[in-house]
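Visitor: Need coordinates for the below:
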Amino acid sequence: MWKYTTSNSLTHFGVMGMHWGVRRYENADGSLTEKGKKKVSAEYKKQEIAGNTELSKKYTDLYVKAYNKSADSMNDGGIDKFNAAQKKKYGDNFSKRSGYEEDYEATFNKLLSQNLEKTLYDFRSSTPAYQKADELVKKYDMKSWDELAKSNYEVVDELRSRYG
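Guide: So this is what the prediction gives:
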């Protein structure tokens with residue numbers, strides 16, 4: 001803090017280079033202090049909530065996109081492939097047996113689940129809020145000290161290994 005005195009001189013009170021109101025959240029080696037971890041963790045949660053809010057607004061559209069992709073896949077040869085496998089397993093009257101529709105529905109639902117996972121992974125990868133959250137995790141190695149980041153990234157890493 002600087003103060004002018006009556007004799008045209010300037011007097012300084014404080015430490016040179018000190019910035020008023022600046023908090024130290026990092027140690028000299030770049031690691032976070034406990035307060036820094038709390039601050040970064042709060043920012044991570046804020047970004048995850050923002051991403052989840054955007055996801056909840058667009059989920060129906062994403063589901064319909066995955067459903068349509070699954071239906072197109074089944075219409076573009078998937079049904080023929082399914083029927084060939086059924087014929088091989090159950091013989092010529094495979095479509096008249098009681099479990100045919102259940103087997104077809106299970107096959108379609110498995111395909112739908114895969115397409116929905118891929119669609120959601122693509123959404124997460126392209127959403128700015130999720131990208132900011134990902135940057136915080138990488139920058140501060142949050143997986144080692146934040147339980148939310150750790151649990152989220154177990155799921156994200158699994159999806160990345162399949163679709164990334």
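Visitor: how many other residues sit next to Pro128?
Guide: Neighbour count for Pro128, taken as other CB atoms under 10 Å: 11. (C-beta placed from N, C-alpha, C; glycine too.)
Visitor: contacting residues around it?
Guide: Listed by CB atoms under 8 Å, 6 or more residues apart in numbering, Pro128 has no contact partners.
Visitor: That one and Tyr90, how far apart?
Guide: Note on Pro128: its distance to Tyr90, by CB to CB, to the nearest Å, is 51 Å.
Visitor: low-scoring pLDDT stretches of this structure, where are they?
Guide: Scanning the chain with the threshold set as pLDDT under 70 gives 1-23.
Visitor: residue ranges of the strands in it, please?
Guide: 2-4, 10-12 (DSSP state E).
Visitor: these two touch, right, Tyr90 and Lys96?
Guide: No - contact criterion CB atoms under 8 Å: Tyr90 and Lys96 do not qualify, at 9.4 Å.
Visitor: and Asp122, how far is that from Tyr104?
Guide: In terms of CB to CB, Asp122 sits 27 Å off from Tyr104.
Visitor: I should have written Lys139 there, sorry.
Guide: 48 Å.
Visitor: which residues touch the spatially most central residue of the chain?
Guide: Closest to where the C-alpha atoms of the chain average out (CA atoms, centre = their mean) is Arg124, at 4.5 Å. Neighbouring residues of Arg124 by CB under 8 Å, 6+ apart: Gly51, Leu55, Tyr130, Val156, Leu159.
Visitor: What separation do you get for it and Ala42?
Guide: 21 Å.
Visitor: can you check Leu55 too?
Guide: For Leu55, the distance to Ala42 - CB to CB - is 20 Å.
Visitor: what about the helices in the protein?
Guide: 34-73, 79-90, 100-126, 128-140, 147-163 (DSSP state H).
Visitor: so which of the ones you listed is the most packed in?
Guide: Among the helices of the chain, helix 128-140 has the highest mean neighbour count (mean count of other CB atoms under 10 Å), at a mean of 17.
Visitor: Would you mind getting the angle between it and helix 34-73?
Guide: Here helix 128-140 runs at an angle of 130 degrees relative to helix 34-73 (axes from the mean of the first three to the mean of the last three CA atoms, to 10 degrees).
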